[in-house]
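1. Quick one, fold the following:
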Amino acid sequence: MTNAYQQAYERSLKDPEGFWADAAKDIHWNKTWDKVLDDSRKPFYRWFTGGEVNTCYNAVDRHVEDGRGTQAAIIYDSPVTDTVRTITYAELKDQVSKFAGLLRGLGVDKGDRVLVYMPMVPEAVVAMLACARLGAVHSVVFGGFASNELATRINDAQPKVIVSASCGIETARVIPYKPLLDHAIDLADHKPAHTVVLQRPQVAAAMVAGRDVDWSEADKAAPAECVTVAATDPLYILYTSGTTGQPKGVVRDNGGHMVALKWTMKNVYNIEPGQVFWAASDVGWVVGHSYICYAPLLHGATTVVYEGKPVGTPDAGAFWRVISQHKITALFTAPTAFRAIKREDPNAELLQKYDMSSLKALFLAGERSDPDTIKWAQTNLKVPVVDHWWQTETGWAIAANCLGLHEFPVKPGSPTKAAPGWDLQVLDEGHHQCKPGQTGSLVVKLPLPPGTFYTLWNAEQRFFESYMAEYPGFYKTADAGMIDEDGYVYVMSRTDDIINVAGHRLSTGQMEEVLASHPDVAECAVIGVADQLKGQLPLGFICLKAGVTKADDDVIKEVVKLVREVIGPVAAFKSCTVVKRLPKTRSGKILRGTMQKIADNQDFKMPATIDDPAILEEIDESLQSIGYSKARTEAVE
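-> Model prediction:
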């Protein structure tokens, strides 16, 4: 007997137009579409052509009109400023319409770009929704990004207005944003007509007369109504790192984006309108766009804007306090957050202080979720722990345990099955389909479902070459993996994280899985380093759990033995080093490529997204101690 997931999945591939047309009934359309799927310019597919909508109306005004005005839309929780504030749907409509009025007064019209450079405050969501209200295209850049990176995005998006704040707060450190913004504008060829600055009490920003406008001016603005846009018009640009150093501006539309995201709230996350959903991410990343701002509000749920860290604000019980206090139904975060909590509080003693009865599920994404972290979360939270896999380009999950359709048994290391809408396949180097259990390139047969990107900003050819050219008729995820006989997906690593050891193609992700299973290891990474004899060799980095008394060398011997036992001598895993912490982006991704360049003594550019540059010096010192990096080069010379 087929379950609801199987029925939905099969229909979504056999009859995608009927499937998504039914899902689209949950969205308010000013004008219904002429065509559900426009395939007249393959591979540049478009969804709901001819349809007319407004995203802000569906996310805000509609709920007020439906009697939800007094329901909480946003809960702002900031342990770094000791603030908790609730904004109802009616209050959100008032704030958004007035801020849209301010933007309109500054000359922002339909199709204009607005760059948003904000910390994790509700005003960031207000600014995004205000752009959607006017039919303007927002481009959110993670707050605190370096000036040169910000300037690159200003030049590419060419915003009429930039919206920012006087500062952001990283745990106990205040980061003034305005000097970074001013310097970026000086560096940029394109100059915005205006900036709007939210003055925060921690730092007062110096304002440039004639250009800079105080956020509070919105209170005096005439509220703006929702502007009707085509379903295929762009909603936002979100920049993701490009291999050439030139960022790629992923473009999302209005219509398909709403249909897909609204559908996922019930079917993937099993959330009902009125429940509290928390994506512990940042609005600067794709998770923040999809699941802090848009999806929960489109669904009539309550979303949480959290300004803090999983540990240190004030301790490793920070997440438990938020879940308990706000009665959160589902939490979505990165595995790295749970590894940090597990490292500080391995026995989950802080968890016992809080009432966690509201929590029904934990969702993890952003990095591969190692089985040890999943088991730790399952044991301590006693709720389904769903590892799901998606990308900035896709906007929502490619593979997940779709709890609203059917809850499958968890296989640690797998994000379960391809979500409805995703014809996920594994191809070998000759573009032939791999057998179950065989590793190859994970690709998606076109068309991609609604809600995904449909181009790169001002770079259609680059879009085609980067994602569609290598496997004609498919989207290249650039991830390697396999699908087992039960249809479970395994994402082993990025295709560039497959290392070649004496002709054997090995997954560093598989080795990381083994290292993470060791009881003393809190977090780990494996990279491939250059070797004259074998081409490449794997090199491991491990962070130990708090309270481990064993000598580092003893743990290293144990993990090397473990990899040999689980994967075999073919892995050639012999080198490992203990480090205090791993270099990561602010969204929690481990910077393996940068670590590899340091190990091989290659020049590298400081990643713009790095959370703490000082960690790279620690990695360098650790590598030198085992004969890599500078020490290795000097020895060769």
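2. how about the helices of the stretch 451-600 of the chain, start to end?
-> All helices of the stretch 451-600 of the chain, identified by DSSP state H, counting those that start in this stretch, fall at 460-463, 508-516, 552-566, 592-599.
3. so the longest one versus helix 508-516, what angle?
-> What it means is helix 552-566. Angle, helix 552-566 to helix 508-516, by axes from the mean of the first three to the mean of the last three Cα atoms, to 10 degrees: 120 degrees.
4. re earlier: lowest average pLDDT across the helices of the stretch 451-600 of the chain?
-> The minimum mean pLDDT among the helices of the stretch 451-600 of the chain belongs to helix 508-516 (a mean of 85).
5. Can you tell me which helices and strands it packs against?
-> For helix 508-516, the elements it packs on are helix 371-381, strand 489-494, strand 521-531, strand 535-544, helix 552-566, judged by 3 or more Cβ pairs under 8 Å, 6 or more residues apart in numbering; DSSP states H and E. Any C-beta I mention is one placed from the backbone N, CA and C, and that applies to glycine too.
6. List of residues touching it?
-> 368, 370-373, 413, 491-493, 497-499, 521, 523-528, 538, 540, 542, 559, 562-563, 566-567, 571, 573, 576, 592 (Cβ atoms under 8 Å, 6 or more residues apart in numbering).
7. So which of the helices and strands packed on helix 508-516 is nearest Ala340?
-> strand 521-531 (7.8 Å; Cβ to Cβ).
8. for this structure, which spans come out with low pLDDT?
-> Along the chain, the model assigns pLDDT under 70 to residues 1, 241-245, 493-498, 500, 502-505, 533, 568-570, 630-637.
9. on that earlier part again, now which of the contacts of helix 508-516 would you call buried?
-> 368, 370-373, 413, 491-493, 497-499, 521, 523-528, 538, 540, 542, 559, 562-563, 567, 571, 573, 576, 592 (16 or more other Cβ atoms under 10 Å).
10. And for the nearest residue to Gly312 once chain neighbours are set aside, the neighbour number?
-> Counting by Cβ to Cβ, 6 or more residues apart in numbering, Thr171 is the residue found nearest to Gly312 once chain neighbours are left out, at 5.2 Å. Neighbourhood size, Thr171 [other Cβ atoms under 10 Å]: 12.
11. Make residue 1 into 387 and carry on from there
-> That works, and once the first residue is 387, the last one we named lands at Thr557.
12. Contact partners for Thr557?
-> So, once contact is read as Cβ under 8 Å, 6+ apart, Thr557 ends up touching Val466, Gly694, Lys695, Gly698, Thr699.
13. any chance of those in CSV, with neighbour count, distance to Tyr861 and secondary structure too?
-> Converted to CSV, these look like this (neighbours: other Cβ atoms under 10 Å; distance: Cβ to Cβ, whole Å; DSSP: H, G, I helix; E, B strand; the rest coil):
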residue, neighbour count, distance to Tyr861, secondary structure
Val466, 22, 39, coil
Gly694, 22, 35, coil
Lys695, 18, 34, coil
Gly698, 16, 39, coil
Thr699, 21, 38, coil
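14. Pick out whichever of the residues you listed sits closest to Gln711.
-> Gly694 (12.6 Å).
15. which residues does the closest one contact?
-> Counted by Cβ under 8 Å, 6+ apart, Gly694 has contacts Asp463, Ser464, Pro465, Val466, Thr557, Ala704.
16. What of Pro835?
-> Taking Cβ under 8 Å, 6+ apart, we find Pro835 in contact with Ser398, Pro402, Trp406, Gly642, Ala646, Pro806, Gly807, Trp808.
17. most surrounded residue in those residues?
-> That'd be Gly642 among these, by other Cβ under 10 Å, with 30 neighbours.
18. that's a strand at it, yeah?
-> No: counting by DSSP: H, G, I helix; E, B strand; the rest coil, Gly642 is not part of a strand but helix.
19. Please tell me how far Ala518 sits from Val502.
-> 12 Å (Cβ to Cβ, to the nearest Å).
20. And the strands in the stretch 437-586 of the chain, which stretches?
-> 438-439, 458-464, 469-474, 499-503, 523-526, 547-551, 553-556, 559-562, 580-584 (DSSP state E, counting those that start in this stretch).
21. my guess is Leu584 meets Val507, correct?
-> Yes: between Leu584 and Val507 there is a contact at 7.1 Å, judged by Cβ atoms under 8 Å.
22. Now do the shared contacts for those two.
-> Contacts common to Leu584 and Val507, judged by Cβ under 8 Å, 6+ apart, are Ala551.
23. what's the closest non-adjacent residue to Leu737?
-> Closest to Leu737 by Cβ to Cβ, 6+ apart is Trp706, at 5.4 Å.
24. and the angle from the helix or strand where that neighbour lies to strand 469-474?
-> Secondary structure from DSSP states H and E places Trp706 in helix 704-712. Angle, helix 704-712 to strand 469-474, by the same axes, to 10 degrees: 50 degrees.
25. Show me what secondary structure element comes after helix 704-712.
-> strand 716-719.
26. what lines up beside that next one in the sheet?
-> Strand 716-719 has its sheet partners listed here by DSSP bridges as strand 662-665 (parallel), strand 747-750 (parallel).
27. could you redo these as JSON lines and give each row distance to Lys606 and mean neighbour count?
-> Converted to JSON lines, the strands paired with strand 716-719 look like this (distance: least, Cβ to Cβ, whole Å; neighbours: other Cβ atoms under 10 Å):
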{"stretch": "strand 662-665", "distance to Lys606": "33", "mean neighbour count": "24"}
{"stretch": "strand 747-750", "distance to Lys606": "41", "mean neighbour count": "22"}
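28. As a markdown table, those with distance to Asp424 would be great.
-> Shown next, in a markdown table, are these (distance: least, Cβ to Cβ, whole Å):
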| stretch | distance to Asp424 |
| --- | --- |
| strand 662-665 | 31 |
| strand 747-750 | 32 |
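29. Of those strands, give the one that comes closest to Ala590.
-> strand 662-665 (30.9 Å).
30. Done for today, thanks.
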